[in-house]
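In: Predicted model and sequence below, questions to follow.
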Amino acid sequence: MRSLLRSVVLVICLALIGLAPVRAEDEKIVNVYNWTDYIAPDTVEKFQKETGIKVVYDNYDGNEMLETKLLAGRSGYDVVYPSAFPFLRNQVKAETLQPLRRDAMPNAAKVDPQVLALIAQADPGNQHAMPYMGVTDGIGYNVEAIKRRMPDAPVDSFAMIFDPAIVQRFADCGVAVIDAPTEVIPMALAYLKLDPHSTAPGDLAKAEALLKKVRPSIRYFHSSRYINDLANGDICLALGWSGDILQAKTRGAAAAKPVEVAYAIPREGTLVNFDTMAVPKDAPHPDNAMRWIDFNLRPDIAAANSNFISYANAVPAARPLLTEAIAKDPGIYPPDDVKARLFVVTNSDVAVLRRQTRAWTRILTGQ
Ligand code: N2P
């Protein structure tokens, strides 16, 4: 009888232990919120196998979406990927991110100091973010469809998108533009030979007028659909992100009916940005977040990611591990003369950004 009682008590105790709530920070989980099409397909699995930490992975395709969640708080995410300019800078100012613990991140020492110096303009002292991938904005096009409509098309110029008489020639085969006002507006300014950093309302009005002129030739504004659409031949021209267009090139070449897609960095010079990895202030599993970031900075993982997504990582020791096609692609690692024409938009004045967003809504809705 006594031993029966003891067993019953034991069973109850075990059940209670099982029911005891696990503290969030002890859970073997990391909630990752990253851009669409922005990681090698086996990175999550490799991390889970090595660490025993389960990755809950979620996607977005615009900084604005991430920003809204961070400002609201309690997003539940442990790792997020804001672009350095202007979003990381504004998140650091708004104090939505927590300092990274360098002792938990041995691979941080392997990050390119030049990239760190650039990002420090957004995050002084590199306290809150590590660089993930470098991005240029440029022209993606279906080689054959463009040639057929305009044999001498200036494929490496912003004129493809911003000259109403030119873009109109491709309206029938489909033109897409990323839904990213903080990037497209500075590019329109650059095309108009105005300062892409300009905060003058008069300059913004000129960019808005230009975008409204080309608007009728643009089939849609969206920041991830264009990869498959370019690869399938459903659109023939896009203003988009380097690696996304190069992924379209890879997918197009592998299609049953191959489609030749190419990427050009505009000769006028274009926007360059760095997407970063950061941890929200209220992340439920900050230790696991630091491990995830460190893992993605490890040269073999950074190389595997770049090899798949066609973006340039910031880890020099990953360079020898890149496939030759990626390492030698001038769209991913531009030569110095092209690099000299790239610009970072460092303006992050909230009032200016708000004016841009309003102009963008008017452009998209055609008002
Ligand atoms: C990934 C797009 C990332 C580049 N699809 C824009 N930040």
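Out: Cool, the structure landed.
In: Tell me what whichever residue of the stretch 151-300 of the chain sits closest to the ligand is bridged to.
Out: The minimum distance from the stretch 151-300 of the chain to the ligand, using CB to the nearest ligand atom, falls at residue 241 (4.2 Å). From N, CA and C alone the C-beta is placed, and that goes for glycine too. Beta-bridge partners recorded for residue 241 (DSSP bridges): residue 137.
In: Within range of the ligand, give me the residues from the stretch 151-300 of the chain.
Out: Within the stretch 151-300 of the chain, the positions near the ligand by CB under 6 Å from any ligand atom are 224, 241, 244, 275.
In: if you set the cut-off to 8 Å instead, what comes out?
Out: Taking CB under 8 Å from any ligand atom as the contact definition, the stretch 151-300 of the chain meets the ligand at 178, 180, 223-224, 227, 241, 243-244, 247, 273, 275.
In: who wins for neighbours among these?
Out: residue 241 (32 neighbours; other CB atoms under 10 Å).
In: Touching, that residue and residue 178? I think so.
Out: Yes: using CB atoms under 8 Å, residue 241 is in contact with residue 178, at 6.8 Å.
In: check contacts around residue 174.
Out: Contacts for residue 174 were tallied using CB atoms under 8 Å, 6 or more residues apart in numbering; they are 219, 229, 234-237.
In: So which of these belong to strands?
Out: Taking DSSP state E as the definition of strands, the contacts of residue 174 contribute residue 237.
In: quick one: residue 105 and residue 111 touch, right?
Out: No: contact status for residue 105 versus residue 111: not in contact, 9.6 Å apart, counting by CB under 8 Å.
In: Looking at the two, which has the bigger crowd around it?
Out: Looking at residue 105 and residue 111 with other CB under 10 Å, you find the greater number of neighbours at residue 111, namely 21 against 17.
In: quick one, what contacts the more buried one?
Out: Neighbour list for residue 111: 130-131, 297, 314-315 [criterion: CB under 8 Å, 6+ apart].
In: So which residues of the stretch 201-350 of the chain form strands?
Out: 220-221, 237-241, 261-264, 272-278, 312-313 (DSSP state E, counting those that start in this stretch).
In: Determine if any part of the strand or helix carrying residue 93 is in contact with the ligand.
Out: Following DSSP states H and E, the helix or strand that holds residue 93 is helix 89-94. No: Helix 89-94 is not in contact with the ligand by CB under 8 Å from any ligand atom; minimum separation 14.3 Å.
In: From the chain's centre, how far out is the helix or strand following that helix? Work that out for me.
Out: The helix or strand immediately downstream of helix 89-94 is helix 113-119, counting by DSSP H and E. Here helix 113-119 is found 17 Å from its chain centre; the criterion is CA atoms, centre = their mean, to the nearest Å.
In: Would helix 113-119 count as contacting the ligand?
Out: No: interface with the ligand: helix 113-119 contributes nothing (CB under 8 Å from any ligand atom), its closest point being 13.6 Å away.
In: That helix packs against which elements?
Out: On a contact count with 3 or more CB pairs under 8 Å, 6 or more residues apart in numbering; DSSP states H and E, helix 113-119 meets strand 129-142, strand 272-278.
In: All set, thanks.
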